[in-house]
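In: the following block contains a protein sequence and its predicted model.
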Amino acid sequence: MILSHEIPQGCKLYFGKSARLKREIETLASTILYKNGYEEIITPAFAYLEYQRDIKSREVVRTNNQYNHQIALRNDSTIDTIRLLAPHLRENALSKRWFYIQPIFIYPTTEIHQIGVENLENCDITPFIKISLDILDSNFLNSINPNPKQKPFLQLANVRIPQICAEIFKIPLVAFKNIDVEAISNSSPIMQELLYVHNQQSLQEFLQHYNTLEQNLKYALEQLLELAKEIPYANCIISPLYYAPMSYYTGLFFRFFAENSTLILGGEYAILEQNACGFGIYTDDLIQYLLRSDGE
């Protein structure tokens, strides 16, 4: 028997304090983004199935339209946004800075609320990290969570590093995806050392010690070091061998997380031959983090 108050697993229900908190976070983020020159877009909840198959790690919720064409609920807003804007961007008819506040849906019944931001004119993730910090350090969030048990960690990575290492040291790329420490460390003394890099100082020492690295690997590591220098954040972790969860990420990458939950995630990417960078705020996880820290 299904009780009247039950909801399907993976669905979200907000009421009272949590509903207000969700609305306040969305208002705060949109205010900051408008001030930074972003415009809002709302994409259709449904798309033709062929446009949703690019995300291999996410199963789609599908149905058919009146013409028996296969339709799916959107399972990634970044791909939808670029796909729908691309024809107009080529004509320079639209802004190249956009944000959206809308959920995605994953089979069978999972919904994930997000605030997403895409910049198609400047592939620099540093401003995104600073905007994220403006949101996380805002007076509003601090009023809810003045003394957090754990301040969010900032993780910095470069997707190119594991890709290059896989080529140089003949390591299957799946070893990085699965964090197979044994396979990575056994491939080379260099890789063994790189596994221990975790902050700005250890990365700098690694580059000084291995000053004869192949140029493309050295450059990718130096990019990561420069990014870390630009973001003076105490809880910063550098993860040179971290492999991003989305296949369209191509370069520098960042993630704010706390208590094993990802709060904000973003980086450089390429979709439909369009180079860009973007990030997403995982509203559901951020709300739960704030409520837990507030003692609820």
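Out: Done, it's in. Numbering: from 1, shown residues only.
In: report the strands that pair with whichever helix or strand L156 is part of, each with its relative direction.
Out: L156 is part of strand 153-158 when elements are defined by DSSP states H and E. Strand pairing for strand 153-158, using DSSP bridges, gives strand 236-238 (parallel), strand 249-258 (antiparallel).
In: export those to a markdown table and tack on mean neighbour count and distance to I125?
Out: Yep, even glycine has a C-beta here, placed from its N, CA and C like the rest. Formatted as a markdown table, the strands paired with strand 153-158 follow (neighbours: other Cβ atoms under 10 Å; distance: least, Cβ to Cβ, whole Å):
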| stretch | mean neighbour count | distance to I125 |
| --- | --- | --- |
| strand 236-238 | 19 | 14 |
| strand 249-258 | 23 | 5 |
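In: mean pLDDT and distance to R58 added to those, as a markdown table?
Out: Below are the strands paired with strand 153-158 laid out as a markdown table (pLDDT from 0 to 100; distance: least, Cβ to Cβ, whole Å):
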| stretch | mean pLDDT | distance to R58 |
| --- | --- | --- |
| strand 236-238 | 96 | 26 |
| strand 249-258 | 94 | 15 |
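In: how about those strands, which one is nearest I32?
Out: strand 249-258 (15.1 Å; Cβ to Cβ).
In: identify the residues contacting that closest one?
Out: The contact list for strand 249-258, computed with Cβ atoms under 8 Å, 6 or more residues apart in numbering, reads 123, 125, 128-129, 132, 136, 148, 150-160, 223-224, 227, 242, 244, 262-270, 275, 279, 289.
In: what's the first helix or strand after it?
Out: Remark: after strand 249-258, the chain's next helix or strand is strand 261-271, criterion DSSP H and E.
In: quick revisit: residues in contact with the strand holding L156?
Out: Contacts to strand 153-158, defined as Cβ under 8 Å, 6+ apart, come from residues 129, 220-221, 223-224, 227-228, 231, 233, 235-242, 244, 251-258, 267.
In: strands of this protein, residue ranges please.
Out: Using DSSP state E, the strands of the chain run over 39-40, 46-48, 62-64, 70-73, 97-106, 110-119, 153-158, 236-238, 249-258, 261-271, 274-282.
In: about what we covered before: turn the strands paired with strand 153-158 into JSON lines, columns for distance to P87.
Out: Formatted as JSON lines, the strands paired with strand 153-158 follow (distance: least, Cβ to Cβ, whole Å):
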{"stretch": "strand 236-238", "distance to P87": "39"}
{"stretch": "strand 249-258", "distance to P87": "22"}
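In: right, and the ones you listed - which one's nearest D80?
Out: The closest of the strands paired with strand 153-158 to D80 is strand 249-258. By Cβ to Cβ, the value is 16.8 Å.
In: the closest one: how far from the chain's middle?
Out: 6 Å (Cα atoms, centre = their mean, to the nearest Å).
In: same thing with stretch 41-61?
Out: In terms of Cα atoms, centre = their mean, the centre of stretch 41-61 is set 17 Å apart from its chain centre.
In: and if you look at stretch 201-208?
Out: Stretch 201-208 sits 26 Å away from the centroid of its parent chain (Cα atoms, centre = their mean).
In: quick one, what contacts the residue lying closest to G251 once chain neighbours are set aside?
Out: Take G251 and drop its neighbours on the chain: the residue closest to it by Cβ to Cβ, 6 or more residues apart in numbering is E268, 3.7 Å away. Counting by Cβ under 8 Å, 6+ apart, E268 makes contact with C123, I125, V159, Y249, T250, G251, L252, F253, N275, A276, C277.
In: quick check, central residue of this protein?
Out: For the chain, L265 is the residue whose C-alpha lies nearest the centre (Cα atoms, centre = their mean; 2.5 Å).
In: how near is the closest residue to L217 other than its chain neighbours to Q201?
Out: In this structure, L217 finds its nearest non-sequential neighbour in I164, 4.8 Å apart by Cβ to Cβ, 6+ apart. From I164 over to Q201 the distance is 23 Å, taken as Cβ to Cβ, to the nearest Å.
In: then Q102?
Out: Going from Q102 to Q201 by Cβ to Cβ gives 41 Å.
In: who has more neighbours out of the two?
Out: Using other Cβ atoms under 10 Å as the criterion, Q102 and Q201 rank with Q102 on top: 16 against 11.
In: for the more buried one, which residues make a bridge with it?
Out: Beta bridges link Q102 to Q114, judged by DSSP bridges.
In: ok so, going back, what sits closest to the residue nearest to the centre of the chain if chain neighbours are left out?
Out: Computed as Cβ to Cβ, 6+ apart, the closest residue to L265 that is not its neighbour in sequence is R255, at 4.7 Å.
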